[in-house]
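**Student:** The amino acid sequence is not available; the structure is as follows:
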């Protein structure tokens, strides 16, 4: 059996992929195919969530099971996931929160030769430029402001300066206390 899915990125621009995957593939295999076909950097955590037709988030299907009896992406197949719902949410990289709406559009009893096929694609996610940190410098006091910003992931925060405290005449200086 093959499952046909429409995967839509939660972005302002229209970015979607229509894909076909074997129903017997694990959700972990789908996870790996999705971050690859959307051009996301590998090595980040992700989860699928069961969803309603109005995209209300339901129970999580994590990447790894915490207990032996728990379900995970490694134990649930694509066919099993989409038996109870035709909608799911996929979240990749919990820091960047890449969110995708995944909808089963149809299923077919016949199987093709490929495990995963991109049938159509509209738009591309913007590429993030990685900020380089000098690996030779490990002491934060010796790092430049750009290296510190990259190290602590502050690249995307507003760089607005904090307002200086107003000098109030009624305020005492530290010297007044000694």
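**Tutor:** Sure thing, it's come through. All values derive from a computational prediction rather than experimental measurement.
**Student:** rest of the way, CA atoms for contacts and neighbours
**Tutor:** Noted.
**Student:** how many neighbours does residue 73 have?
**Tutor:** In terms of burial, residue 73 registers 22 neighbours under the definition other C-alpha atoms under 10 Å.
**Student:** In this structure it contacts residue 49, no?
**Tutor:** No. Counting by C-alpha atoms under 8 Å, no contact exists between residue 73 and residue 49, whose distance comes to 10.7 Å.
**Student:** For these two, list the residues in contact with both.
**Tutor:** residue 61 (C-alpha atoms under 8 Å, 6 or more residues apart in numbering).
**Student:** Can you give the domain ranges for the protein?
**Tutor:** Each domain of the chain is listed here as a residue range: 2-122, 127-155, per automatic domain parsing.
**Student:** which one of those is the most hemmed in?
**Tutor:** Per residue and on average, the most neighbours among those fall to domain 2-122, with a mean of 17 (mean count of other C-alpha atoms under 10 Å).
**Student:** average model confidence for it?
**Tutor:** Averaging the model's pLDDT scores along domain 2-122 yields 89.
**Student:** chain center to the top helix by length along the chain: distance?
**Tutor:** Among the elements of the chain assigned as helix by DSSP state H, the one spanning the most residues is helix 27-37. Using C-alpha atoms, centre = their mean, to the nearest Å, we find the averaged C-alpha position of helix 27-37 to lie 11 Å away from the chain's own average C-alpha position.
**Student:** Mind checking what helix or strand follows it in sequence?
**Tutor:** Heading C-terminal from helix 27-37, the first helix or strand you meet, by DSSP states H and E, is strand 46-51.
**Student:** That next one pairs with which strands?
**Tutor:** Next to strand 46-51 in the sheet, as set by DSSP bridges, lie strand 57-62 (antiparallel), strand 87-92 (antiparallel).
**Student:** Which residue ranges of the protein form strands?
**Tutor:** Counting by DSSP state E, the segments of the chain that form strands are 2-9, 16-22, 46-51, 57-62, 87-92, 98-108, 116-122.
**Student:** so what's the closest residue to residue 2 other than its chain neighbours up against?
**Tutor:** The spatial neighbour of residue 2 that comes closest, neighbours along the chain excluded (C-alpha to C-alpha, 6 or more residues apart in numbering), is residue 22 at 4.4 Å. Residue 22 is in contact with 1-3, 78, 111, 115-116, counting by C-alpha under 8 Å, 6+ apart.
**Student:** okay, among those, which ones form the most distant pair?
**Tutor:** Of all pairs drawn from these, the one with the largest separation by C-alpha to C-alpha is 78 and 111; the distance is 14.0 Å.
**Student:** before we move on, back to that, mind putting the strands of the chain into TSV with distance to residue 148?
**Tutor:** Written out in TSV, the entries for these read as follows (distance: least, C-alpha to C-alpha, whole Å):
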stretch	distance to residue 148
strand 2-9	31
strand 16-22	35
strand 46-51	27
strand 57-62	32
strand 87-92	25
strand 98-108	24
strand 116-122	37
